[in-house]
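Peer 1: build me a model from this:
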Amino acid sequence: MRLNTSEWDKVFPKYMEHSKRDLATALNAKAFFIARRAVVETPKAKLTRLSRKTGAILGRIVNKRRGQAGDKGLYGVEMAKVVEIIYQARRRSVAFLKSGWLPAIRKLEQSVDPKYRRGAAKSDRNAKQIGKAKGSATPARTGWRCTARIENAALAKHDKKEALDLFGGPALQRAFDYEVQSMNEYIARKMRDTAKAHGVRTR
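Peer 2: Model prediction:
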């Protein structure tokens with residue numbers, strides 16, 4: 001799974017120029033917000049109609065595996081039946097995928113001051129951890145290498161990464177994009193406040 005973080009890489013340094021927080025505090029807060037948003041953005045585990053785009057992706061996966069096994073590709077009605085079976089199975093595993101963010105959220109809550117948690121996405125009741133934790137977080141610490149990490153390890157053995165590719169990846173991307181938008185709005189607000197303080201009119 002690949003994420004497009006180009007916008008994040010451009011906006012975050014600008015955000016830090018306007019923020020009074022130290023780097024570790026800001027990174028932990030952002031990691032917390034992204035993990036909370038990723039839970040919300042991951043689709044609920046309910047059966048829905050299969051879209052043409054998703055069906056095409058699954059079809060390519062099916063035929064790639066059949067080719068690797070030396071079998072002929074499937075097409076038409078036969079392919080449609082197999083794709084539908086796989087899709088519904090992956091759809092049912094989405095709640096499992098949601099739960100993988102919960103350990104990271106709980107861990108980061110210990111490192112993020114309550115005042116910096118305001119505005120985070122609301123908790124999703126559909127996400128429940130059952131059994132052993134399937135994810136984690138490594139909060140940022142002040143030092144030469146200041147990084148915050150969130151991890152979702154909720155990948156079912158039978159899944160073969162379809163749920164991750166179809167639902168988990170796009171959800172995490174939307175969570176990143178949402179936070180980039182939030183930082184842009186924060187920067188714009190700070191710039192307006194600065195301009196106003198110096199008697200400069202803004203629209």
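Peer 1: contacts and neighbour counts: CA atoms only from here.
Peer 2: Will do.
Peer 1: low-scoring stretches of this structure, by residue?
Peer 2: 1, 44-49, 89-95, 124-133, 155-164, 202-203 (pLDDT under 70).
Peer 1: check contacts around the most centrally placed residue in it.
Peer 2: Central residue of the chain (Cα atoms, centre = their mean): L172, 1.7 Å from the mean position. L172 makes contacts with 3, 34, 37-38, 41-42, as judged by Cα atoms under 8 Å, 6 or more residues apart in numbering.
Peer 1: in the helix ranked longest in the chain, what counts as buried?
Peer 2: The longest helix of the chain (DSSP state H) is helix 169-197. Using 16 or more other Cα atoms under 10 Å as the test for burial, helix 169-197 gives 169-177, 179-180, 183-184, 187, 192.
Peer 1: contact partners for the nearest residue to T42 once chain neighbours are set aside?
Peer 2: Using Cα to Cα, 6 or more residues apart in numbering and skipping the chain neighbours, the partner closest in space to T42 is A171 (5.0 Å). Counting by Cα under 8 Å, 6+ apart, A171 touches 38-39, 41-43.
Peer 1: repeat the analysis, applying 10 Å as the threshold.
Peer 2: By Cα atoms under 10 Å, 6 or more residues apart in numbering, A171 lies in contact with 37-43, 98, 164-165, 177.
Peer 1: how about these in a markdown table, adding distance to Q68 and secondary structure?
Peer 2: Output for the contacts of A171, formatted as a markdown table (distance: Cα to Cα, whole Å; DSSP: H, G, I helix; E, B strand; the rest coil):
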| residue | distance to Q68 | secondary structure |
| --- | --- | --- |
| R37 | 37 | helix |
| A38 | 33 | helix |
| V39 | 34 | helix |
| V40 | 36 | helix |
| E41 | 33 | helix |
| T42 | 31 | coil |
| P43 | 31 | coil |
| K98 | 31 | helix |
| L164 | 21 | helix |
| D165 | 20 | helix |
| D177 | 36 | helix |
